[in-house]
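K.L.:
This is a predicted model, with the sequence first.
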Amino acid sequence: MLKGNKGEWSEVYTLLKLLSERNLYSGDADLNKIQDLIYPIIRILRTESDYEYIFNRNIIIVSGNNEEIKIPIEQFQKQTEILLKNIKSSKKGAFAIPEIEEFLEQIKCKTLKAKSSVKTDIRVVIHDLKTNTQPELGFSIKSQLGSPSTLLNASKATNFIYELTKILTDNQISEINSTKNFTDKFEKLDKFGVKLKFINTEKPIFSNNLILIDSYLPEITANLMLLFFSSKTTSILELTEKLRDFNPMNYDLSFHHNFYEYKLKHLLTDIALGLMPAKVWTGKYDTTGGYLIVKEDGNILAYHLYNRNEFENYLFHNTKLETASTTRHDFGRIYQENDKQMIKLNLQIRFKK
C-alpha cells in the first residue's frame with residue numbers, strides 16, 4: 001500500500017487533476033489564473049513511470065510497456081475529489097489512502113513521487129494555440145496543501161561572512177553571542193557603534209555561482225540578508241524595496257531602473273531551476289523548466305520559463321528569507337580571525353504559505 005506525506009500525495013493529485021481538467025492554467029504573481037494563458041494538454045508523462053497518459057475525446061489512454069488501458073475521464077474526476085479530500089483531512093506524517101489504491105494500480109501509478117535526484121516531477125505536452133506547436137514542458141511540483149517547501153536549503157555553503165567595523169570587548173562579544181534573537185543582536189551591535197562589512201561567502205563556489213549571474217550579486221545578497229536579520233521583515237519583495245531605498249550599490253536610480261529587483265529575480269529563477277551553492281553552476285537549467293503549484297483550494301497553476309515573466313514574478317512575490325538552525329550551520333556568533341572580529345549569517349529561502 002502506498003504511503004506518503006501531503007507533499008508526496010500532491011504529486012499524484014497533480015497527475016489526476018490535470019488529467020481531469022485537460023488544461024494547463026498559467027498563474028500570475030498573486031496565484032490567480034491568467035485568463036488568456038490556458039493551454040490544452042495533449043499528454044502527460046511522469047518521470048517515475050514508463051507510462052504516458054493521452055487524451056482521446058472523453059477517454060484517457062494509459063499507454064506503455066506494449067499495453068493500452070482506456071479509462072473514462074469521469075473516473076479521474078471522481079478520484080481527484082476523493083484524493084483532495086483525504087489530503088486535506090490527514091494529519092502530518094505519512095499516511096495511506098485505501099479508497100484510491102485500486103484506481104492507482106489500474107492507471108499504473110506505482111509510486112507517489114519522482115526520485116529525489118530528479119528535478120522534474122512531471123512532463124506535460126501542451127498545444128500552444130498562439131504558435132500552433134506542441135512543446136513538452138517539465139515541471140517540479142510544489143504544494144500548498146502541506147508545509148511550505150524551501151527554495152534554497154540552508155547549509156554551511158550558504159553562510160556569508162562579515163567583518164565588524166569596530167573591535168568589541170570580550171564582555172560585549174559575550175553579550176551579543178548570548179542573545180538568541182537576531183533583531184536584538186543587531187540592536188546591540190548598533191548600540192556599540194558596530195556595522196557589518198561583507199567579506200565573502202564561506203564557500204568560494206557559491207560566491208562564483210552568484211558572480212556568474214551578476215558580478216555584484218554577492219554584495220547585493222549580503223545586504224539583503226543584513227536587512228532581514230536586523231528587522232522583522234521576511235518577504236523578499238519587501239526586503240528588496242528596502243534595499244532599493246537603501247541603495248548600497250549606489251546605482252543611478254534617477255530613471256527608476258529596478259536594479260535590485262531584476263538581479264534578485266534572476267537569482268531566484270536560477271536557484272529554482274538548478275543552481276546549488278556547493279556545486280559549480282554553469283547556467284544550464286535542469287530538465288525542469290518551471291513549477292506546478294497546488295493551491296490550498298486544490299486548483300493547480302503553472303509557472304514556466306515558457307512564460308518567463310510570470311515565473312519570475314511568482315518567485316519574487318511568494319518567497320521569504322528565514323532563520324535556519326544556528327548550531328547546525330554554525331552562524332550568528334562573533335568570532336576572532338587573526339586581528340579581526342567576524343560573524344557569519346546564513347541564507348535560507350522558503351516559499352510563503
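P.N.:
On my side now, so go ahead. Residues are numbered from 1 along each chain as shown.
K.L.:
List phi and psi for Gly4.
P.N.:
The phi and psi values for Gly4, taken as degrees, to the nearest 10, are phi -170, psi 170.
K.L.:
So the spatially closest residue to Lys185 that is not a sequence neighbour: helix, strand or coil?
P.N.:
Spatially, and ignoring its direct neighbours in sequence, Lys185 is nearest to Thr179 (5.0 Å; CB to CB, 6 or more residues apart in numbering). Backbone N, C-alpha and C define where each C-beta goes, glycine included. Here Thr179 is recorded as coil under DSSP: H, G, I helix; E, B strand; the rest coil.
K.L.:
tally of neighbours for Thr179?
P.N.:
Thr179 is flanked by 16 other residues according to other CB atoms under 10 Å.
K.L.:
same question, Asn177
P.N.:
14.
K.L.:
Test for you: state the pLDDT assigned to it.
P.N.:
With respect to pLDDT, Asn177 scores 98.
K.L.:
can you pull the contacts of it?
P.N.:
Residues counted as contacts of Asn177 (CB atoms under 8 Å, 6 or more residues apart in numbering) are Arg333, Ile334.
K.L.:
Could you list the low-pLDDT ranges of the stretch 151-300 of the chain?
P.N.:
Across the stretch 151-300 of the chain, the ranges flagged by pLDDT under 70 are 287.
K.L.:
Verify the contact between the residue nearest to Lys185 and Lys191 for me.
P.N.:
No: under the criterion of CB atoms under 8 Å, Thr179 makes no contact with Lys191, lying 11.4 Å away.
K.L.:
Show me the longest strand that occurs in this structure.
P.N.:
In the chain, with assignment by DSSP state E, the single longest strand is strand 33-46.
K.L.:
So what pairs up with Asn200 in the strands?
P.N.:
Using DSSP bridges, the beta-bridge partners of Asn200 come out as Ile161.
K.L.:
name the element the residue most central in space within the chain belongs to?
P.N.:
Centroid-nearest residue in the chain, with CA atoms, centre = their mean: Leu151, separated by 3.1 Å. According to DSSP states H and E, Leu151 maps onto strand 150-152.
K.L.:
Sheet partners, orientation included, of that strand?
P.N.:
Strand partners for strand 150-152, identified by DSSP bridges, are recorded as strand 349-351 (antiparallel).
K.L.:
circling back: look up how far Ile271 lies from the residue nearest to the centre of the chain.
P.N.:
As judged by CB to CB, to the nearest Å, Leu151 and Ile271 stand 6 Å apart.
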